[in-house]
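> Need the 3D shape of this:
(chains A, B, C and D)
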There are 2 protein chains.
Amino acid sequence: MTDPADVAQVRAFNRFYTRIIGLLDEGMHKTMHSLSEARVIYELSKDGVTTGAQVAVTLNMDRGQLSRIMSRLVDQGLIANLPRSGDARSTPVGLTPEGRAVAARLNAMSDAAAAETLLDPLDPFERRDLVGSMRRISALLSEPEDNTLVLRAPRVGEIGWLIHRQALLYHLEQGWNGEFETLITRIYADYEASSSTPPKHIWVAEFEGEVAGSVFVVPAEDGEEGTAQLRMLYVEPMFRGRGVGGRLVAEAVSFARISGYRRIMLWTQDCLASARSIYQKAGFVLAKEERHHSFGADLNGQYWVLEL
Amino acid sequence: MTDPADVAQVRAFNRFYTRIIGLLDEGMHKTMHSLSEARVIYELSKDGVTTGAQVAVTLNMDRGQLSRIMSRLVDQGLIANLPRSGDARSTPVGLTPEGRAVAARLNAMSDAAAAETLLDPLDPFERRDLVGSMRRISALLSEPEDNTLVLRAPRVGEIGWLIHRQALLYHLEQGWNGEFETLITRIYADYEASSSTPPKHIWVAEFEGEVAGSVFVVPAEDGEEGTAQLRMLYVEPMFRGRGVGGRLVAEAVSFARISGYRRIMLWTQDCLASARSIYQKAGFVLAKEERHHSFGADLNGQYWVLEL
DNA sequence: AAAAATGATTGACTCAGACAACTAATTGAT
DNA sequence: ATCAATTAGTTGTCTGAGTCAATCATTTTT
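All right, here's what the predicted structure looks like:
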C-alpha cells in the first residue's frame, strides 16, 4: 500500500538528517558538558521547575541514567533539588543561577551552530523554504495541537499557492485533470481583476502557521442582483475535522449578510461529501442538480442556496 | 542578520526530528545487532565493496570503533576481508552471503518501521507533502549534485506552483507586491485559455525531482504576425548558476524557430540582472526601454528581440 | 489494610565515542 | 633517491550512554 519510493525517500532523509544533527552536536564537545547533560539543562531552562520523571519522558531517557546525570549536575552546582512539596516521592529540581548562566551559554552556542551551519549559507528565499518545510514536517508527524485558527487576507504568493494546492488535492483525491487547474486559475484571476463593488472578500484560514484552507465571496456571476456566490472553499486534509470549513463558510455567510446581499449561492459537486455537509450545517439548501463532464470525470453539479 | 525566529524553528525541528529518529531506531533493539553495526552493514550492502576508511567517513564514525565493530562482524561471519588489491594499506571488505541476508532483513525492518510510523498514518496527499518537504530540505542543505536537468510539460498543480513561486520570489527579492501575482495569475490563465495555433509551449525545468524553473512561448500579444514572445522565465534561487535559465531560453528559442516564428521578443525589467545576461548570451538585443511604475516599484521595462 | 503503581536511586554490564600510540604502506618534496 | 608527512588500520584506555534488574519510600487503588 505504501509506495516503496516514498519509504526510500523517507529513509534517505532520516540518514541525511542524522548526519546533520550529528554535525550540529559535534560543536558541543567544546563545552564541559556531555550531550545528554546539555539536553537536561535545556529541558530545565525551558520548563522551569520539573521532576526527574518529567524530563525522562520528554527526553526519552532512562531514569537511571537521568538520575546519575542529575547528581553530576548537582555536584557541579548547576541544578538544585528544591524542597519536596506535595508528592514526597518526587523531588522538584530547578536550575541554580550558575545553571541558568550555563544554559544561556549552551543555548547561544546551539543557536549559533544552527544559524551558521544551516541558515546562513542560504538566501532569504531558500531560508523561507527550509523553515517552511520543517514546520510542515513537524505538523504532519506530530499530534494536532489545539491551536487557534486565524482567518486573514491572503499574503503575496498565496493565490498561486491556493491554485496549486486545490489542483493537486482534487487531482489526487478525485482524479480531476489539468482542466480543473486551468479553470481555477481563471477564477482567481477574475477575482483579483473584479471591481470591489459589489463587495467581495477572500479568506485564508491559518493554523499553526500553515494555510489550512480558503474561500471567497463574490457577486454571483449569472445570478440576479443581490445574490452572492461562495467559491473555492477547500480545507487541507491535514487540518480536516477541526472546524476549518465551518468557520470559513460562517465567515463568508456573515460577510455576505453584512454586505447587503439577500442570498448566497454556491456550486459544488456531489462527490465532495464533506463540503456538502458543511453547507448543510450552515443552512444552505440544494436548489438544482446538473450532470456534466468536466475535469476528465463524470460529475453531478449541485447548486446550493441560502436566503439571508 | 539571521532571523531568531528562523533559528528557533530550525532548532525546534532538530529536537523534534531527533525524537523521531530515536523512535525509529528503537525498533532495532530487537535485532541481534547494535545500531552502529546495523549502520555499517547497511553501508556495505549499499556500496558493495568498500574499505574501512570509506565507511568511517560516510558514517562519521571513529576509525578505532569501526575497526572493532568490523572485527566483531567478521567473527559473526557477516563480512569478510577481501584480498588486498592495489593499495596494500587498506583492506577491502564486503558482505558474505549471510551478511547480505542479514542486511536484507535489517533493511526490511527499517522500511517497515519508517512506513508504519511515518507514512501509513498519512493520506496520500499528506504523504506527498511529507516526502516533498524532506526532499526539499535535503536539496537545500546538501551540496548540489551533478544531476541531469529535465525539461518537461507542467504537471497538474504546477501552474499554481509557478504562480506561487514567482510571486513569492520577486516579492522577497525585489519587493514587488500582490499586483505582480495578480498579473501573472492572469498571464497563466490566458496561456491556458489560448488557442494552440499559432504554436505555444510551456516548459518546466526539473532538477533532482524539484521544479527548478520555467518559461513559456506564445504568439506576441501586441506584435506583428510571425513574432513569438518568451514569457515568465524564472529560475529557483536554489538552482541558479547551473545553466537552468540558459537551457530554458535555448529550448524556447529553438521551439520558436522550428514553429515558424520569424522573431522572438520578451519584456523584462532591468533590475533582473541575471535574466538579462541570459538573454544576451542567447543573442537577444535590447530594442526599447520604458520607465513605468508597477508592482509597487519604479521599474525600467526592457524589450529584447531576437531575429530567428 | 493489603496490593499495585510510581519516583528515585543504585549496581552491573555492554557498547559508543573520543583520544593517543603504534605499525605498515604510500605519497610528496626537495 | 631519500626523508618527512600522510593515510589505513589496529589496539589500549577511559568516560559516559544505554539497558536491565533490584531496592526503597511513598502514593494510589481496591
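> and stretch A:41-60 with DNA strand D, contact?
No. Using C-beta under 7 Å from any atom of the strand, stretch A:41-60 stays clear of DNA strand D, coming no nearer than 7.9 Å. C-betas here are computed from N, CA, C, even on glycine.
> contacts for that stretch?
A:33, A:36, A:39-40, A:61-63, A:66-67, A:70, A:73, A:78-79, A:82, A:90-95, A:99-100, A:102-104, A:106-107, A:110, B:19, B:22-23 (C-beta atoms under 8 Å, 6 or more residues apart in numbering or on different chains).
> same deal with stretch A:83-102?
A:33, A:41, A:44-45, A:48-53, A:70, A:73, A:77-82, A:103.
> again, only this time at 10 Å
Stretch A:83-102 has contacts (C-beta atoms under 10 Å, 6 or more residues apart in numbering or on different chains) with A:31-33, A:37-38, A:40-41, A:44-45, A:47-55, A:70, A:73-74, A:76-82, A:103.
> what comes up buried for that stretch?
The neighbour-count criterion (16 or more other C-beta atoms under 10 Å in any protein chain shown) identifies A:92-95, A:99-100, A:102 as the buried residues of stretch A:83-102.
> Check the offset of it from the chain's centre.
How far stretch A:83-102 lies from its chain's middle: 35 Å, per C-alpha atoms, centre = their mean, to the nearest Å.
> what do you get for stretch A:94-103?
The chain centroid and the centroid of stretch A:94-103 are separated by 34 Å under C-alpha atoms, centre = their mean.
> now swap in stretch A:160-170 and tell me
For stretch A:160-170, the distance to the chain centre is 16 Å (C-alpha atoms, centre = their mean).
> Return the set of buried residues in it.
Buried, per 16+ other C-beta under 10 Å, within stretch A:160-170: A:160-170.
> so which of these comes closest to B:Arg276?
A:Gly160 (24.4 Å; C-beta to C-beta).
> and that closest one, how far is that from chain B?
Between A:Gly160 and chain B the computed distance is 3 Å (C-beta to the nearest C-beta, to the nearest Å).
> ok, that residue - contacts?
Contacts of A:Gly160 by C-beta under 10 Å, 6+ apart are A:154, A:185, A:188, B:159-168, B:181, B:184-185, B:188.
> Can I get the helix or strand hosting A:Asn107 as CSV, trimmed to CA atoms?
Secondary structure assignment for A:Asn107, by DSSP states H and E: helix A:97-114. The C-alpha coordinates for helix A:97-114 follow below in CSV (Å, rounded to 0.1, in the frame of the first residue of the first chain):
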residue,chain,number,x,y,z
PRO,A,97,21.8,30.9,38.9
GLU,A,98,25.0,29.3,37.6
GLY,A,99,22.9,26.7,35.9
ARG,A,100,20.9,29.4,34.2
ALA,A,101,24.1,31.1,33.0
VAL,A,102,25.4,27.8,31.6
ALA,A,103,22.0,27.1,29.9
ALA,A,104,22.2,30.6,28.3
ARG,A,105,25.7,29.9,27.0
LEU,A,106,24.7,26.5,25.7
ASN,A,107,21.6,27.9,24.1
ALA,A,108,23.6,30.7,22.4
MET,A,109,26.1,28.1,21.1
SER,A,110,23.3,25.9,19.7
ASP,A,111,21.7,28.9,18.1
ALA,A,112,24.9,29.9,16.5
ALA,A,113,25.7,26.4,15.3
ALA,A,114,22.2,26.1,13.7
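> Quickly check: that helix near DNA strand D or not.
No. Using C-beta under 7 Å from any atom of the strand, helix A:97-114 never reaches DNA strand D; the gap is at least 13.5 Å.
> What mean pLDDT does the very next helix or strand once past that helix get?
Per DSSP H and E, the first helix or strand lying C-terminal to helix A:97-114 is helix A:124-141. Averaged over helix A:124-141, pLDDT sits at 95.
> Check which helices and strands helix A:124-141 sits against.
In terms of contacts (3 or more C-beta pairs under 10 Å, 6 or more residues apart in numbering or on different chains; DSSP states H and E), helix A:124-141 is packed against strand A:210-219, helix B:4-26, helix B:124-141, helix B:158-174.
> Determine whether any part of the second one lies close to DNA strand C.
No. No part of helix B:4-26 sits close enough to DNA strand C to count as contact by C-beta under 7 Å from any atom of the strand; the gap is at least 10.9 Å.
> Dead centre of chain A: give me the residue that sits there.
The centre of chain A sits closest to A:Glu210, judged by C-alpha atoms, centre = their mean, with a distance of 3.8 Å.
> Specify the beta-bridge partners of that residue.
Beta-bridge partners of A:Glu210, counted by DSSP bridges, are A:Phe207.
> State the distance from it to DNA strand D.
Separation of A:Glu210 from DNA strand D (C-beta to the nearest atom of the strand, to the nearest Å) stands at 32 Å.
> Now do the contacts for that residue.
A:Glu210 makes contacts with A:132, A:135-136, A:139-140, A:236, A:238-239, as judged by C-beta under 10 Å, 6+ apart.
> Nothing else from me, thank you.
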